[in-house]
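Trainee: quick one, fold the following:
(one chain, ligands or ions: 1)
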Amino acid sequence: METYSVLGVKCSSLTMEEALQILEGFLSEERPHLVVTVGPEMVMRAQENEEFKALVNGADLVVPDGAGILWAGRQCGIKFPERVAGVELIVRFAQRLGRLQAPLFLLGAAPGIAEKAGENLQKQIDNLPLAGVNDGYFQDPQPIVEKIAASQAKVLYVGLGSPAQERWVRQHGAAAGIRVGIGVGGSFDVLSGAKKRAPRWMIQLHLEWLYRFLCEPSRFGRILAIPKFMLRVMRAGSQAVKPWNE
Ligand code: UDP
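Mentor: Down below sits the predicted model:
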């Protein structure tokens with residue numbers, strides 16, 4: 001697996017299958033591993049937020065979640081074999097957790113949403129070891145750390161938005177006893193059915209951003225991050241995506 005800097009943000013070039021293998025490997029190491037799925041919007045957020053940039057660059061695995069990252073690679077002659085989309089990754093990894101019997105905890109989103117997302121995952125996946133859920137609107141993290149530790153969860157999907165979710169895994173992952181913590185953004189809203197993913201044809205035409213905008217025009221500011229990212233890549237030329245040097 002090759003790892004690159006995309007405008008200074010770490011991202012590995014790998015397939016969905018390879019990412020799943022790596023996550024499985026993390027389960028056998030007794031420490032929390034932070035996993036980030038990075039798209040153009042997050043690369044742009046990292047340009048303005050040093051803490052977020054450090055969290056992503058210090059993650060154990062960063063996967064390319066977004067056609068824009070693949071496009072940026074192509075501008076620099078670097079091939080990212082496919083998009084490793086966050087929502088898809090967490091469903092596929094949950095399928096393996098059933099087989100491995102590694103308990104999963106869902107943390108984040110509005111009350112009731114993670115619960116519904118968990119139920120929907122359980123409907124799709126036989127024997128999913130769902131250890132517990134908690135919404136993402138809390139003041140004191142301590143009771144939640146204890147709840148996760150008591151649940152014996154080995155994997156945490158955390159959807160609090162960035163950088164809160166990545167910070168959460170780093171600050172509390174060890175005390176919570178998890179081995180893999182994946183930042184999932186708004187994925188529980190999608191998995192619960194509260195928000196729909198774009199139709200397949202739109203995803204294939206790389207128009208998922210347009211669908212999101214049409215559903216939630218208030219996201220306009222965030223969608224602007226995509227053309228800003230593209231401009232920045234073009235300006236940086238062949239240096240936009242280059243081998244990652246630790
Ligand atoms: N959220 C949360 N607690 C908070 C703020 C946000 O659980 O204090 C949830 C929110 O309900 C949503 C997710 O975090 O499910 C953020 O999704 P978004 O797509 O905005 O994530 P981002 O792209 O900012 O990482």
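Trainee: the ligand contacts on the protein?
Mentor: 108-110, 136-137, 159-162, 185-186, 188-189 (Cβ under 6 Å from any ligand atom). C-beta coordinates here come from the backbone N, C-alpha and C atoms, glycine included.
Trainee: switch the cut-off to 8 Å
Mentor: 41-42, 107-110, 113, 135-137, 159-162, 164-165, 183, 185-189, 222 (Cβ under 8 Å from any ligand atom).
Trainee: strands - which of those land there?
Mentor: Where the residues of the chain next to the ligand overlap with strands, as defined by DSSP state E, the overlap consists of Leu107, Gly108, Gly159, Gly183.
Trainee: the last one: neighbour count?
Mentor: Using other Cβ atoms under 10 Å, Gly183 has 30 other residues around it.
Trainee: so who does the closest residue in space to it that isn't next to it in sequence touch?
Mentor: Among residues not flanking Gly183 along the chain, Gln165 sits closest, at 4.0 Å (Cβ to Cβ, 6 or more residues apart in numbering). Taking Cβ atoms under 8 Å, 6 or more residues apart in numbering, we find Gln165 in contact with Gly108, Val158, Gly159, Gly183, Val184, Gly185.
Trainee: tell me, please, the helix or strand in this protein that averages the lowest pLDDT.
Mentor: Lowest on mean pLDDT, DSSP states H and E among the helices and strands of the chain sits helix 220-223, with a mean of 78.
Trainee: packing partners of that helix?
Mentor: Helices and strands touching helix 220-223, as assessed by 3 or more Cβ pairs under 8 Å, 6 or more residues apart in numbering; DSSP states H and E, comprise helix 208-215.
Trainee: could I get the phi/psi values of the closest residue to Gln95 other than its chain neighbours?
Mentor: Excluding the flanking residues, the one nearest Gln95 by Cβ to Cβ, 6+ apart is Ile125, at 5.4 Å. The phi and psi values for Ile125, taken as degrees, to the nearest 10, are phi -120, psi 120.
Trainee: correct me, but Ile125 touches Phe93?
Mentor: No - using Cβ atoms under 8 Å, Ile125 makes no contact with Phe93, being 10.4 Å away.
Trainee: these two: which is more packed in?
Mentor: Phe93 (23 against 18).
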